[in-house]
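Student: A structural model of the following input is requested.
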Amino acid sequence: MKLIVKSLAVCALLLVSCNEGKKQEVETTTKPVKEMAKQTNDATQNTSIYQFKVNDIEGNSFDFNSLKGKKVMIVNTASECGLTPQYELLEKLYKDYKDQNFVIVGFPANNFGAQEPGTNVQIAAFCQKNYGVTFPMMSKISVKGDDIAPVYSFLTEKSKNGVEDSEVKWNFQKYLIGTDGKVEKVIAPTTLPNDEEIITWIKA
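Tutor: Have a look, this model is predicted:
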């Protein structure tokens, strides 16, 4: 009888030990998978526009994360440039496609020929009075040089956007961002907003 009890006790110990081993094995294999998934999500977030928060032209916080699922055109603007009439085409483009998951985000910048010298208040009044702009306009920033804004540092550096290096060459350069928040195309300043390449990209 004692022998049977002892045998049962040994079996119980072996069973507990076996279960503990399996539990540790599951935890060991599950943990790296979870860590890899988190790293993948972090990497995706860090190479997308969704990581940025900026101030709009009225000083309110604007979170790019709110644009998930939309195609986005980011354009640096100026009020006293030969290309300034593009505002009219940008506004028409926005009105034509804003209901098709498309948005334009404008960033006034004074980097080229000092052609955006005004304050945010002056820029907002100019845009509304002359072109009836309704697409989101952000506070004035720098799009190149030592004081480049973080969002433009991201747009122009492959090490940050994961796609390509580029340079903002003049006012009204356009960056086309896909529905995943990644840079897809860089459009030259002189290319009009209603160019077939842009329209095709929006509709694709």
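
Student: can you give me the strands for this structure?
Tutor: With strands called from DSSP state E, the chain shows them at 53-55, 61-63, 71-77, 102-108, 174-177, 183-187.

Student: gap between the first one and the chain center?
Tutor: Think strand 53-55. Offset of strand 53-55 from its chain centre (Cα atoms, centre = their mean, to the nearest Å): 12 Å.

Student: okay, now the residue nearest to P193 when sequence neighbours are not counted: neighbour count?
Tutor: Using Cβ to Cβ, 6 or more residues apart in numbering and skipping residues adjacent in sequence, the residue nearest P193 is L89, 4.2 Å away. In short, each C-beta sits where N, CA and C put it, glycine included. Residues near L89, counting by other Cβ atoms under 10 Å, number 16.

Student: likewise the one 4 residues further on?
Tutor: Each residue near L93 was counted by other Cβ under 10 Å, and the total is 22.

Student: rewinding a little: can I get the strands of the chain in JSON lines with mean pLDDT, distance to P117 and mean neighbour count?
Tutor: Below are those laid out as JSON lines (pLDDT from 0 to 100; distance: least, Cβ to Cβ, whole Å; neighbours: other Cβ atoms under 10 Å):
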{"stretch": "strand 53-55", "mean pLDDT": "98", "distance to P117": "19", "mean neighbour count": "15"}
{"stretch": "strand 61-63", "mean pLDDT": "98", "distance to P117": "23", "mean neighbour count": "13"}
{"stretch": "strand 71-77", "mean pLDDT": "98", "distance to P117": "13", "mean neighbour count": "23"}
{"stretch": "strand 102-108", "mean pLDDT": "98", "distance to P117": "10", "mean neighbour count": "22"}
{"stretch": "strand 174-177", "mean pLDDT": "98", "distance to P117": "23", "mean neighbour count": "22"}
{"stretch": "strand 183-187", "mean pLDDT": "98", "distance to P117": "25", "mean neighbour count": "18"}
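
Student: would you list those strands in TSV and tack on distance to T119?
Tutor: Formatted as TSV, the strands of the chain follow (distance: least, Cβ to Cβ, whole Å):
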stretch	distance to T119
strand 53-55	13
strand 61-63	18
strand 71-77	14
strand 102-108	10
strand 174-177	24
strand 183-187	28
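
Student: closest to A204 out of those strands?
Tutor: strand 71-77 (8.8 Å; Cβ to Cβ).

Student: tell me the strands beside the closest one, with direction?
Tutor: strand 102-108 (parallel), strand 174-177 (antiparallel) (DSSP bridges).
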